[in-house]
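**Q** Dropping a prediction and its sequence here:
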Amino acid sequence: MALTAKLIGTAVSDPNWFNWCVSPIQSKDGKTHLFTSRWPAREGDQGWIGPNAEIAHYVADKPEGPFQFVETVLKTSMFADSEKMFAPHNPRIEYVDGKYILLYIFQTVKKDVKMRIGMMIADKLEGPWRFAGKNGGQVAEVSQDPRHWTYNSVIGIDNPAFMKIGKKYCIYFKSGTPKQLAARYGIATSDKLEGPYTLQDKPVTDNASYLEDAQAFKLGKQYYLLTTDNLGGNTGIYGNLILWKSNTGTDFKLKDAKIAMGNILDYWGTEEDHQKLLANPKHYEHDKSGKLERPAVLLINGKPAYFYSTAGLNISGGQVAENYVFKIDWNNGK
């Protein structure tokens, strides 16, 4: 991916909204759908944990865009109890067993960051969407067993990904215990799509440093996780992305992983362009390295063909976060 990626441009951008997490899928008619997390620009960088955060649906005739807003799929007022379930975020869209599933996280405690994982299901990407299971959509939370590795996790569990392995439905999640920077990825499994899901007893990654934002997919006999390396402690380069590989999908070793992508400045502009952007006092800057966050790949004919992400910098010079699209050539990148 890193060797072949070419930045196409902006996928979703709106001066009235921060657009952060992004998850793509292609419908049977060949259109590309993006499910993104967003919140009003007036609420600033931390609006993602506020009551006005939502998950939006966009569509385009081709993967490069342009993408048009379709509808808000999920917002706080749609939850069964908006006092204990609010601020949906981290969408991951998948197609399994003839159903579309939308994983997301939601906040559970006001004036704090405590998260759980939910799921919505639909027969069509256009909806109608319904909450999965019998618990208002909630499908995973930290263990209440003091012996479990997720017990007393600092912020709960978040950053979900999904894959069906054999006859098992698997939700990947991040959990940090006893501190957030000790986070690893774990897995919750079920015999039924809508659960109940059971947290497995140990993490599935052996990362040496903090990571997040996984997407799971399978190619041939290999299972993959695409994650961030936020602090660079796994790859040695701050902000790079990691491509983990496994024969089972339940055990990912750092020795088998590769650097998946650099940061957005590796694919955009000249050094002069970078300096000019950073000198602009009005541009959005979450992280001046331009590290890519919430990475996602669009599979076409079973192989990753496009890559979507937000970034720590708005390379357009705007004051909010926006989503970007890259073309990748999986075969030539091996």
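**A** Thanks, I have the structure now.
**Q** which stretches of the stretch 51-200 of the chain have low pLDDT?
**A** Along the stretch 51-200 of the chain, the model assigns pLDDT under 70 to no residue.
**Q** dump the residue contacts of the most far-flung residue of the chain relative to its centre.
**A** In terms of distance from the mean C-alpha position of the chain, residue 272 ranks first, at 31.2 Å (Cα atoms, centre = their mean). Going by Cβ atoms under 8 Å, 6 or more residues apart in numbering, residue 272 touches no other residue. From N, CA and C alone the C-beta is placed, and that goes for glycine too.
**Q** so it, which of the three states?
**A** helix (DSSP: H, G, I helix; E, B strand; the rest coil).
**Q** Please tell me how far it sits from residue 278.
**A** 11 Å (Cβ to Cβ, to the nearest Å).
**Q** Residue 31 too?
**A** Applying Cβ to Cβ, the value for residue 31 to residue 278 is 36 Å.
**Q** Over to residue 322?
**A** 17 Å.
**Q** Have a look at those two and say which one is more surrounded.
**A** residue 322 (24 against 14; other Cβ atoms under 10 Å).
**Q** so what's the more buried one closest to, chain neighbours aside?
**A** Once flanking residues are discounted, residue 322 sits nearest to residue 13: 3.8 Å by Cβ to Cβ, 6 or more residues apart in numbering.
**Q** so where do the strands sit in the stretch 151-300 of the chain?
**A** Ranges of strands in the stretch 151-300 of the chain, per DSSP state E, counting those that start in this stretch, are 157-165, 168-175, 184-190, 198-199, 215-219, 222-228, 241-246, 258-261, 292-300.
**Q** among these, which is the most enclosed?
**A** strand 168-175 (a mean of 24; mean count of other Cβ atoms under 10 Å).
**Q** What is it packed up against?
**A** strand 138-140, strand 157-165, strand 184-190 (3 or more Cβ pairs under 8 Å, 6 or more residues apart in numbering; DSSP states H and E).
**Q** Pretty sure residue 151 is one of the things residue 177 touches, is it not?
**A** Yes - assessed by Cβ atoms under 8 Å, residue 177 is found in contact with residue 151 at 6.7 Å.
**Q** who's in contact with stretch 108-122?
**A** With Cβ under 8 Å, 6+ apart, stretch 108-122 has contacts from 49, 73-74, 83-85, 88, 99-107, 128-133, 136-141, 155-158, 160, 171, 173, 193-195.
**Q** of those, buried ones?
**A** Neighbour counting with 16 or more other Cβ atoms under 10 Å marks 49, 73-74, 85, 88, 100-107, 129, 131-133, 137-141, 155-158, 160, 171, 173, 193-195 as buried within the contacts of stretch 108-122.
**Q** Next, the distance between the ends of stretch 312-326.
**A** Distance across stretch 312-326, first residue to last, is 16 Å (Cα to Cα, to the nearest Å).
**Q** Now it: average pLDDT?
**A** The average pLDDT within stretch 312-326 is 97.
**Q** Equivalent analysis for stretch 280-292, please.
**A** Mean predicted confidence for stretch 280-292 is 94.
**Q** Now do the contacts for residue 43.
**A** Contacts of residue 43 (Cβ under 8 Å, 6+ apart): 18, 50, 52.
**Q** Now list the buried members of those residues.
**A** 18, 52.
**Q** Nearest to residue 327 among the contacts of residue 43?
**A** Closest approach between the contacts of residue 43 and residue 327, by Cβ to Cβ: residue 18, at 25.1 Å.
**Q** What is the neighbour count of the nearest residue to residue 283 once chain neighbours are set aside?
**A** Nearest residue to residue 283, sequence neighbours excluded (Cβ to Cβ, 6+ apart): residue 317, at 4.9 Å. Per other Cβ under 10 Å, the neighbour tally for residue 317 reads 12.
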